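Undergrad: My questions concern the predicted model and sequence given below.
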Amino acid sequence: MIIKQLSVFLENKKGRLAAVMSELAGHNIDVSALSLADTTDFGVLRLIVNRPEEAKRVLTDSGVTVRITDMVATVMADRPGGAAEVVSLLSDADIAIEYMYACTGRVGGKALVVMRVDDIEKAEAILSAGGFAAEKPEDVYRI
């Protein structure tokens, strides 16, 4: 399933992450997954939220730079080798994974993973044909 991800660009300063998370919480925007990577001067906070367009507006209005990106989300077996099955299926279809991260919680006893790939429509089709469930967006955002 294709979902929206926010990429939030933050100065690498104490309190910046707390300010962003508080701003989202203050607007009742629920975060179901996040990944934070940093360098010396800035960080990139990647978020899956229940209302991405509203979250972008809220954060942009507060002076934060935000970009929305399409991502592929799929469920996988929550056991050793579960992730290997997903990434191997995409690799065998010549789809490059730029980055990925897992979401908190589970969907029907399975783990949920979010991936940035070079061919999102093909990846979605390959995963679906490979038996990996395509969850509804509201299921991902509820986790």
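TA: Everything's here; your move.
Undergrad: For this structure, give me the ranges with low pLDDT.
TA: 104-111, 133-143 (pLDDT under 70).
Undergrad: at 80 instead, please
TA: Within the chain, the stretches with pLDDT under 80 are 102-116, 132-143.
Undergrad: quick one: the strands in this protein?
TA: 2-11, 31-38, 42-49, 65-76, 97-102, 111-117 (DSSP state E).
Undergrad: neighbouring strands for the fourth one, and are they parallel or not?
TA: Note on strand 65-76: by DSSP bridges, its sheet partners are strand 2-11 (antiparallel), strand 111-117 (antiparallel).
Undergrad: The shortest one too?
TA: Paired strands of strand 97-102, with direction, are strand 111-117 (antiparallel) (DSSP bridges).
Undergrad: how about the strands of the chain in CSV, adding mean neighbour count and distance to G82?
TA: C-beta coordinates here come from the backbone N, C-alpha and C atoms, glycine included. Formatted as CSV, those follow (neighbours: other CB atoms under 10 Å; distance: least, CB to CB, whole Å):
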stretch, mean neighbour count, distance to G82
strand 2-11, 18, 19
strand 31-38, 16, 17
strand 42-49, 20, 19
strand 65-76, 19, 4
strand 97-102, 14, 10
strand 111-117, 21, 6
